[in-house]
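> coords please:
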Amino acid sequence: MERENVESALVEAGATLDEVVRTRMFVTDIDCYEAVGRAHREAFGDVGPATSMYEIERLVDPDLLVEIEAVAISE
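Numbering: from 1, shown residues only. Below you'll find the predicted structure:
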């Protein structure tokens, strides 16, 4: 689901997943880092953007477990 949200926002801005150079992932349970990382690799490939993952207490929507911030450079 998160990939589709990121991709949709990028398309609205005139960019694509291939143009993402940095992501920040905010998770509410760091123990899920392997699953989150695996999903990130599936979305961006093995040589994806620079990435950081942070554990936070909660997100604005309490039903969400992961939030992704993406920075893209589009020509």
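> contacts for stretch 39-59 next, please.
With contact meaning CB atoms under 8 Å, 6 or more residues apart in numbering, stretch 39-59 is reached by 2-3, 6, 17, 20-30, 33, 36-37, 65, 67-68, 70-71. All C-beta atoms are positioned from the backbone trio N, CA, C, and that covers glycine.
> tell me which residues of that stretch are tucked away?
Ala39, His40, Ala43, Phe44, Gly48, Pro49, Thr51, Met53 (16 or more other CB atoms under 10 Å).
> tell me how far Ala70 lies from Val36.
Using CB to CB, to the nearest Å, we find Ala70 at a distance of 14 Å from Val36.
> ok, the two, which is more surrounded?
Shown here are Ala70 and Val36; by other CB atoms under 10 Å, Ala70 has more neighbours (24 against 19).
> from what I can see that one touches Ala13, true?
No: using CB atoms under 8 Å, Ala70 makes no contact with Ala13, being 10.0 Å away.
> what about burial for the contacts of stretch 39-59, which qualify?
Listed as buried from the contacts of stretch 39-59 are 2, 6, 17, 20, 23, 25-27, 36, 65, 67-68, 70; burial here means 16+ other CB under 10 Å.
> now these in a markdown table, with pLDDT?
Shown next, in a markdown table, are the buried ones among the contacts of stretch 39-59 (pLDDT from 0 to 100):
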| residue | pLDDT |
| --- | --- |
| Glu2 | 67 |
| Val6 | 84 |
| Leu17 | 89 |
| Val20 | 94 |
| Thr23 | 95 |
| Met25 | 96 |
| Phe26 | 97 |
| Val27 | 97 |
| Val36 | 94 |
| Leu65 | 93 |
| Glu67 | 92 |
| Ile68 | 92 |
| Ala70 | 92 |
